[in-house]
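A.B. asks: structure for the following, please:
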Amino acid sequence: MVKADRRNYSGKHRHHGLHLLALTDEKGRLIWISAARPGRTHDNTAARHDHILAHLRAAGLGALADLGFRGLDNDVRDPVIVTGFTATRAHKLTPGQKTANRVLATGRAPVEHGFAHLKNWRTLTKLRTDPARATHLLGALLVLTNLEVNR
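C.D. replies: From the prediction side, this is the model:
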């Protein structure tokens, strides 16, 4: 019996679940979903494996990302992936950095709405399966989500 099939299984630990990346347009409509990976995969690792940075740069596109993608794009002159600033105990944010974080949060709000539409299917909450099988399910959910949102 697999650990996930036990009766008293707790699903709150991320290494049991699945990790996926998704791209949305500026209105929050899902455009692309990556292949599913184990839940322990970090955002940067998944983005490097999917070559997201190279694909966005080749297409001339950019992306607003959360802080999980910090350090992925180190090109200061022509950034493709824009993330916010973080504060530490020793380094407080300047007023300009706080303003930049607010602007970024405003731009990312439709993106989060796109993820919310995907999560409404609720089949992903307790999904414990092989990432290859989950990838097919994610493709179907992408189509169904776009049909539902456009309706």
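
A.B. asks: OK, contacts around the residue nearest the centre of the chain?
C.D. replies: Note on the chain: the residue nearest the mean C-alpha position is residue 21, at 4.1 Å, using CA atoms, centre = their mean. Residue 21 is in contact with 33, 34, 43, 46, 47, 50, 52, counting by CB atoms under 8 Å, 6 or more residues apart in numbering. Every residue, glycine included, has its C-beta placed from N, CA and C.

A.B. asks: pLDDT score for it?
C.D. replies: With respect to pLDDT, residue 21 scores 83.

A.B. asks: so how far is residue 45 from it?
C.D. replies: Separation of residue 21 from residue 45 (CB to CB, to the nearest Å) stands at 11 Å.

A.B. asks: pipe the contacts of residue 21 into JSON lines and attach pLDDT and neighbour count per row.
C.D. replies: As requested, the contacts of residue 21 are exported to JSON lines (pLDDT from 0 to 100; neighbours: other CB atoms under 10 Å):
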{"residue": "33", "pLDDT": "84", "neighbour count": "17"}
{"residue": "34", "pLDDT": "83", "neighbour count": "17"}
{"residue": "43", "pLDDT": "80", "neighbour count": "16"}
{"residue": "46", "pLDDT": "78", "neighbour count": "20"}
{"residue": "47", "pLDDT": "79", "neighbour count": "22"}
{"residue": "50", "pLDDT": "78", "neighbour count": "15"}
{"residue": "52", "pLDDT": "81", "neighbour count": "23"}
